[in-house]
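> quick check, what structure comes out for this input:
(one chain, ligands or ions: 2)
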Amino acid sequence: MYKSKINYQRATFLTSAPDIKALPADEGIEVAFAGRSNAGKSSALNTLTRQNSLARTSKTPGRTQLINTFSLDAERRLIDLPGYGFAKVPLAVKEKWQKSLAEYLMKRSSLKGLVVLMDIRHPLKDLDQDLIHWAVQSELEVLILLTKSDKLAVGARKKVLSEVREAAMAFMGNVTVHTFSSLNKQGLEELEQVLDTWYGAEDSAFDIT
Ligand SMILES: Nc1nc2c(ncn2[C@@H]2O[C@H](COP(=O)(O)OP(=O)(O)OP(=O)(O)O)[C@@H](O)[C@H]2O)c(=O)[nH]1
Ligand SMILES: [Mg+2]
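Ligands and ions are numbered 1, 2, ... in the order given. Just a heads-up that it's a prediction; the model follows:
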């Protein structure tokens, strides 16, 4: 069993920012959860931090409309981003939050890696591919999580996983792919292992967290 080097349970809410000006100081290391509306970003953050209501989740796509920031320690933060895709929200609202999303992705220096979440039943839609391409070119780390893995039987889950791993090679970057379920915590250790590395906490001898 993998023992994570960072205590993710210690996450606390920092701010909900309507635009990047309202974010905490751009220093330390940030990891952001991105993906289509309803992919399971907020649920995955709650699973990672073992807190049921740290990030707000909803059956209605478009729940997360602000850039929500959570602190792990003085240098490390987790970010819950608004989803892209099919959110049924007024166009003006959508445009505003997609603009702050794009701005965040392009301008945030402390952003080290993106966890790109995709429903395992609908992987690699156009916008997902655009985001991954852009992230690889921007030299961000990328972890693809195929979410809601509990919705498929083991055989079908493995099939999609190998197909997406194959497709991910075309991105020509360091893209890791795992399956994940917030319902039964499948893939949680793999997620922790990747994040520990991004946060520079893989060597326990030098880490006090
Ligand atoms: N079965 C199952 N359902 C899940 C899982 N993760 C999330 N869901 C459900 O999917 C829906 C959307 O989850 P959220 O975590 O709110 O999704 P989101 O990506 O944050 O959505 P937006 O904030 O709208 O972009 C909710 O009804 C969740 O209960 C999972 O692992 N398994
Ligand atoms: Mg959300």
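
> quick one: Leu45 from ligand 1, how far?
Taking Cβ to the nearest ligand atom, to the nearest Å as the measure, Leu45 falls 8 Å from ligand 1. In short, each C-beta sits where N, CA and C put it, glycine included.

> can you report how many residues neighbour that residue?
Residues near Leu45, counting by other Cβ atoms under 10 Å, number 26.

> now it, nearest residue through space, not along the chain?
With Cβ to Cβ, 6 or more residues apart in numbering as the criterion, Leu45 has its nearest non-adjacent residue at 4.3 Å, and that residue is Ala55.

> do you know how far the residue most central in space within the chain is from ligand 2?
Per Cα atoms, centre = their mean, the C-alpha nearest to the average position across the chain is that of Phe33, at 2.0 Å. Counting by Cβ to the ion, to the nearest Å, the gap from Phe33 to ligand 2 is 8 Å.

> and for Ser53?
12 Å.

> that residue falls within a helix, correct?
No. Under DSSP: H, G, I helix; E, B strand; the rest coil, Ser53 falls outside any helix and is assigned coil.

> for it, which non-adjacent residue is spatially closest?
Taking Cβ to Cβ, 6+ apart, and ignoring the residues beside it in sequence, Ser53 has Asn46 as its nearest neighbour in space, at 7.1 Å.

> next one: His133
If the residues on either side of it in the chain are set aside, His133 comes closest to Phe171, at 6.3 Å by Cβ to Cβ, 6+ apart.

> the longest helix along the chain packs against which elements?
In the chain, taking DSSP state H as the definition, the longest helix is helix 91-107. In this structure, helix 91-107 packs against strand 29-35, strand 67-71, strand 111-119, helix 126-137, with contacts taken as 3 or more Cβ pairs under 8 Å, 6 or more residues apart in numbering; DSSP states H and E.

> got a list of what the residue nearest to His133 touches?
Phe171 makes contact with Ile132, His133, Val136, Val142 under the criterion Cβ atoms under 8 Å, 6 or more residues apart in numbering.

> now with 7 Å?
Under the criterion of Cβ atoms under 7 Å, 6 or more residues apart in numbering, the contact list for Phe171 reads Ile132, His133, Val136.

> circling back to that earlier point, could the helices and strands packed on helix 91-107 go into TSV alongside distance to Ser149 and mean pLDDT?
Conversion of the helices and strands packed on helix 91-107 to TSV gives the following (distance: least, Cβ to Cβ, whole Å; pLDDT from 0 to 100):
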stretch	distance to Ser149	mean pLDDT
strand 29-35	15	97
strand 67-71	24	94
strand 111-119	10	98
helix 126-137	17	92
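
> and these: which comes nearest Ser182?
Closest approach to Ser182 among those is made by strand 111-119 (10.0 Å; Cβ to Cβ).

> is the one helix or strand in the chain whose mean pLDDT sits lowest positioned near ligand 1?
Scoring the helices and strands of the chain by mean pLDDT, DSSP states H and E places helix 91-107 at the bottom, with a mean of 81. No. Helix 91-107 stays clear of ligand 1 (Cβ under 6 Å from any ligand atom), getting no nearer than 10.0 Å.

> perfect, that will be all.
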